[in-house]
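**Student:** predicted model and sequence follow; I will ask about them next.
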Amino acid sequence: MAAFSPEQYDMDILGNGKTVRDFIDNKIKEHTLVDCKEPFHVANLGILLKKHLCWLNNLPRVKPFYAVKCNNTPAVIRMLSALGTGFDCSSQAEIQLALSLGVTPDEIIYAHTCKPEHYIKYAATHGVQMMTFDNQEELSKIAHCHANAKLVLRIAVDDSKSLRRLSSKFGANLATVGKLLERAGELGLEVIGVSFHVGCECTDSSAYRQAIADARHVFDIAKLLGFQMSLLDIGGGFPGSEDVQVKFEEISAAINLALDEFFPLDCGVQIIAEPGRYYMESLFTLAVNVIAKKVVMEEAAEHNSNENIPDRVMMYYINDGVFGSMSFLINDPVYRKLSPYLHRTVESSEQRYRSVIWGPTCDSMDKITDDCSLPELQVGDWLLFDNMGAYTVCLSTNFNGFGKAHIYSVVTPEAWQALIPSHTCSPLHD
Ligand SMILES: Cc1ncc(COP(=O)(O)O)c(C=O)c1O
């Protein structure tokens with residue numbers, strides 16, 4: 001990457017001691033002035049630096065290859081590239097995007113085990129060599145389309161402790177890896193390593209330990225068959241926030257112990273991972289506008305003699321929802337409940353009401369929450385949602401003709417300064 005300017009990164013540097021919250025306030029003022037109260041995200045890119053430093057502290061042996069599918073915002077990819085991560089791409093479009101933003105092909109792993117042939121050819125002609133497989137058909141396709149690929153055998157692992165499981169769809173059973181490796185050998189293909197994914201939001205750090213032990217077993221089988229493997233890819237599944245059963249630090253400690261036991265430092269194996277949610281979750285805040293409101297009288301409350309209990313439920317309609325930035329509410333049942341909060345100042349004495357919040361479309365599935373306690377909102381009020389960076393904007397649709405929320409990327413001057421040396425002579429860069 002030649003230049004290194006905020007414009008190139010499509011971001012604003014916050015000046016004069018301004019905070020991200022100040023930026024949001026300003027944007028809300030601007031939107032209100034021009035009477036165009038469309039929803040928007042603010043991506044605080046400084047969080048990427050913190051997250052990356054935390055990764056390097058906790059998992060010093062593991063190089064992250066960020067999973068682009070989690071959030072493909074160009075400024076995010078540029079920033080992670082400057083920090084020195086690689087990228088896990090799952091399609092031609094993701095590879096294209098990463099390359100167009102200056103990522104070099106050797107920093108990409110095409111981590112999908114069931115690829116269309118023309119995507120494999122695209123990877124071949126653009127110099128992307130690392131790719132995963134878990135079945136014989138894939139080996140035949142790769143032998144035909146990309147004979148020089150560096151293959152990574154994805155194995156199925158115990159993902160029963162994760163909130164979203166993946167091994168029923170991807171990964172070879174341990175019983176079949178010998179045959180797959182033999183077939184790769186017959187086809188003259190190079191298999192450089194093993195990968196796995198314990199499932200998203202893993203709630204038991206021992207799942208990583210078991211998966212690393214399984215991978216060791218596959219390395220041993222491969223050695224007997226004449227393969228010299230040199231790469232272990234421990235996948236994703238790392239939590240994105242602190243509000244989880246098992247914290248990132250605990251998972252990291254279990255991984256480090258398992259690596260030392262099964263892949264000691266001097267074993268010559270490079271360790272990589274494919275974190276998505278870990279980097280993205282806390283990065284984005286979503287601002288939405290209340291576009292409509294209904295007050296519903298509760299029947300039981302007609303006879304309610306207790307004046308402290310409100311006798312009404314508020315229904316609000318906002319301009320983003322499950323067909324926009326919040327599809328995880330239907331696609332990903334593991335996701336924690338959302339906790340929207342009012343942008344304007346609220347007096348602690350203000351009466352709270354049970355509030356139901358709907359998205360803007362005509363679909364009744366488009367419900368964001370049906371049990372949220374909020375002061376009375378007015379049409380035109382703004383609500384904010386934190387932790388909106390993972391699997392949100394990349395899944396947004398234009399259903400019913402509603403536009404996708406705009407994304408503004410910002411960084412504090414301190415974070416920006418910290419990033420510049422990381423790009424040139426960095427302790428962050430490897
Ligand atoms: C192959 C692969 N790698 C990495 C990820 C990222 O997972 P997470 O966001 O849980 O870290 C996924 C998510 O589906 C995946 O399928």
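**Tutor:** Yep, it's here.

**Student:** where along the stretch 201-350 of the chain do the strands fall?
**Tutor:** 231-233, 270-273, 284-297, 312-318, 341-342 (DSSP state E, counting those that start in this stretch).

**Student:** as TSV, these with mean pLDDT would be great.
**Tutor:** Shown next, in TSV, are those (pLDDT from 0 to 100):
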stretch	mean pLDDT
strand 231-233	98
strand 270-273	98
strand 284-297	96
strand 312-318	95
strand 341-342	94
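
**Student:** any idea how far the residue nearest to residue 61 when sequence neighbours are not counted is from the ligand?
**Tutor:** Once flanking residues are discounted, residue 61 sits nearest to residue 271: 5.2 Å by C-beta to C-beta, 6 or more residues apart in numbering. In short, each C-beta sits where N, CA and C put it, glycine included. Distance of residue 271 to the ligand, given as C-beta to the nearest ligand atom, to the nearest Å: 15 Å.

**Student:** wait, isn't residue 271 in contact with residue 260?
**Tutor:** No: look at residue 271 against residue 260 with C-beta atoms under 8 Å: they stay out of range, at 11.2 Å.

**Student:** where along the stretch 151-300 of the chain do the helices fall?
**Tutor:** 177-186, 206-224, 248-262, 277-280 (DSSP state H, counting those that start in this stretch).

**Student:** could you say what helices and strands the shortest one packs with?
**Tutor:** Using 3 or more C-beta pairs under 8 Å, 6 or more residues apart in numbering; DSSP states H and E as the contact test, the elements touching helix 277-280 are helix 46-58, helix 74-83.

**Student:** hang on, the earlier thing: look at residue 271 and residue 260 and report which has more neighbours.
**Tutor:** Using other C-beta atoms under 10 Å, the more surrounded residue of residue 271 and residue 260 is residue 271, with 19 against 11.

**Student:** how close does residue 267 get to the ligand?
**Tutor:** 24 Å.

**Student:** burial count for residue 338?
**Tutor:** Neighbours of residue 338 (other C-beta under 10 Å): 18.

**Student:** what of residue 280?
**Tutor:** 29.

**Student:** returning to what we had before: for the strands of the stretch 201-350 of the chain, which one ends up most surrounded?
**Tutor:** Sort those by mean neighbour count, taking mean count of other C-beta atoms under 10 Å, and strand 231-233 sits at the top with a mean of 24.

**Student:** that one pairs with which strands, parallel or anti?
**Tutor:** strand 190-195 (parallel), strand 270-273 (parallel) (DSSP bridges).

**Student:** is residue 128 in contact with residue 110, as I believe?
**Tutor:** Yes: counting by C-beta under 8 Å, residue 110 is a contact partner of residue 128 at 5.6 Å.

**Student:** need the residues touching each of the two.
**Tutor:** Counting by C-beta atoms under 8 Å, 6 or more residues apart in numbering, the contacts common to residue 128 and residue 110 are 89, 95.

**Student:** which residues touch residue 280?
**Tutor:** 70-71, 76, 240, 389-390.

**Student:** for it, which non-adjacent residue is spatially closest?
**Tutor:** In space, and not counting its chain neighbours, residue 280 is closest to residue 389: 3.8 Å by C-beta to C-beta, 6+ apart.

**Student:** before we move on, back to that, could the strands of the stretch 201-350 of the chain go into JSON lines alongside distance to residue 84?
**Tutor:** Output for those, formatted as JSON lines (distance: least, C-beta to C-beta, whole Å):
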{"stretch": "strand 231-233", "distance to residue 84": "17"}
{"stretch": "strand 270-273", "distance to residue 84": "12"}
{"stretch": "strand 284-297", "distance to residue 84": "22"}
{"stretch": "strand 312-318", "distance to residue 84": "38"}
{"stretch": "strand 341-342", "distance to residue 84": "35"}
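
**Student:** ok, which of those comes nearest residue 176?
**Tutor:** strand 231-233 (18.6 Å; C-beta to C-beta).

**Student:** that closest one close to the ligand?
**Tutor:** No: residues of strand 231-233 contacting the ligand under C-beta under 6 Å from any ligand atom: none, with a closest distance of 8.7 Å.

**Student:** interface residues of this structure facing the ligand?
**Tutor:** For the chain, the contact set with the ligand under C-beta under 6 Å from any ligand atom comprises 67, 70, 88, 111, 166, 197, 200, 235-238, 274-278.
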